[in-house]
Structures are given as C-alpha cells and as structure tokens.
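Colleague: no sequence on this one, just coordinates:
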C-alpha cells in the first residue's frame, strides 16, 4: 500500500532551513561583535600604553633640553673664564715685554733726542719725540737698524717747530726744535691673535718722557 503525504513538507523544510540560517547569522554576528569588542579593548590598551610612553618621552626630552641649556651655560662660563685667563696672561706678558722694551730702547737712544711718548700695539711701537737736529733722528734710526731688539724703522712725521709762533714755546721746544714720529717693530714680541668671540686685549701703553744721555 502506498502512503501519500499530503502535508506541505517542503514549506516546513524551507522554514527550518531559514531558522537555521538566521541562527547561524546571529551566532556569526555575536562572534563578530565579541571579536570587535576584544580588538577595541586591546587597541585601547595599546593606545593608552603608547600615550604613556609618548608622555614619558616628552618629559625626558624636556629634561634633556634643560640639561643642554645648562651645558651651554657652563660652556659659556668656561669660554668667559678662558678669555679672562687669556687677558690676564697677556697683561702679565705685556708687563715683562714693556720692561724689556724700555731697557733695550734706552741702550739705542742717542744724545740729542727727547722722547715724549711711546705707544705699543702688538709688536708695532710708535715713538713720539723731539730732537735737536735731523742728524739725531737719523742716528736713532741707524741704532734701531743695528739693534737686535727693534727693526724696520719708519719715519712717519717730522716737523720743525722753530717757525711756529702760535703755540707758546717751552724750554724743551727751544732745546729740541724738531718733533718727529717714528714707527718700529719689536723683535721677539708675540703677535696677538684676535678671537672671534671677544676682542683681544689692547697692548697700547704710553711711556713717561725719556731724555737721551747728554754728552
């Protein structure tokens, strides 16, 4: 005997498949949401860690910048101290050089010469004075040429004061009527090298009037 099923089984089977599909979709959606939530929590934690690291690095950078500023200030203080020591050294050296220069200059100073001032810059010495005649000035230049302490004498100015009636004449002007300016180089004097950060000390000096020996 043949059994015939007259119920709509295909429709029921289709509904069961739809229910299974919806169930699987819901499960997949739940799993996806769960995975997204886990990923969000993980990324949030990683972001928080990276933010903390960045903040720490910024703090350390600020500390290093402060240390660099302090190091630069210490370097500046060091450079200032070096410049001061350099100036002190130059002043001490210039004292010895000036004493030696005057001692050597007295030995080459002929009679008939009256020195009013001596100015020194590095190894260039400028001599201002008065003389009785041109022969004394020439003799002074010859003595400088023959000296081992000075060299290269250059007569930059010479003037006869006998015709000058405007300025009042003194006893020195009457005895020494010629005024002159002479530039020489001091041998053995170190050249002063100027620094870019600060100017080198000025070695200018003016001597008291010195009179040559009288015959």
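Modeller: Great, that's in hand. What you see is a predicted model, and the numbers here were worked out from it, not measured in a lab. Numbers count the residues shown, from 1 in each chain.

Colleague: tell me which strands the longest strand belonging to the chain pairs with, and in which orientation.
Modeller: Using DSSP state E to define each element, the chain has its longest strand at strand 150-160. Applying DSSP bridges, strand 150-160 is found paired with strand 178-186 (antiparallel).

Colleague: now the strands for the chain?
Modeller: 113-121, 124-131, 150-160, 178-186, 210-211.

Colleague: show the model's pLDDT score for residue 105.
Modeller: On the pLDDT scale, residue 105 is placed at 78.

Colleague: typo on my end, residue 23
Modeller: 91.

Colleague: residue 14 now?
Modeller: 83.

Colleague: what would the strands of the chain look like in TSV with distance to residue 44, mean pLDDT and mean neighbour count?
Modeller: C-beta coordinates here come from the backbone N, C-alpha and C atoms, glycine included. Below are the strands of the chain laid out as TSV (distance: least, CB to CB, whole Å; pLDDT from 0 to 100; neighbours: other CB atoms under 10 Å):
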stretch	distance to residue 44	mean pLDDT	mean neighbour count
strand 113-121	75	83	19
strand 124-131	78	87	21
strand 150-160	85	84	14
strand 178-186	81	86	19
strand 210-211	92	48	16
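
Colleague: who wins for proximity to residue 46 among those strands?
Modeller: strand 113-121 (71.4 Å; CB to CB).

Colleague: least confident secondary structure element in the chain?
Modeller: In the chain, no helix or strand scores lower on mean pLDDT, DSSP states H and E than strand 210-211, which sits at a mean of 48.

Colleague: which helix runs longest in the protein?
Modeller: helix 9-108 (DSSP state H).

Colleague: roughly how far out does it sit from the chain middle?
Modeller: In this view, helix 9-108 has its centroid 30 Å away from the chain centroid, taken as CA atoms, centre = their mean, to the nearest Å.

Colleague: that helix versus strand 124-131: what angle between them?
Modeller: 30 degrees (axes from the mean of the first three to the mean of the last three CA atoms, to 10 degrees).

Colleague: which neighbouring elements make contact with helix 9-108?
Modeller: strand 113-121, helix 134-146, strand 150-160, strand 210-211 (3 or more CB pairs under 8 Å, 6 or more residues apart in numbering; DSSP states H and E).

Colleague: so which of those is nearest residue 75?
Modeller: strand 113-121 (31.0 Å).

Colleague: now that closest one, how far from the chain's geometric center?
Modeller: Worked out by CA atoms, centre = their mean, strand 113-121 lies 35 Å from the chain centre.
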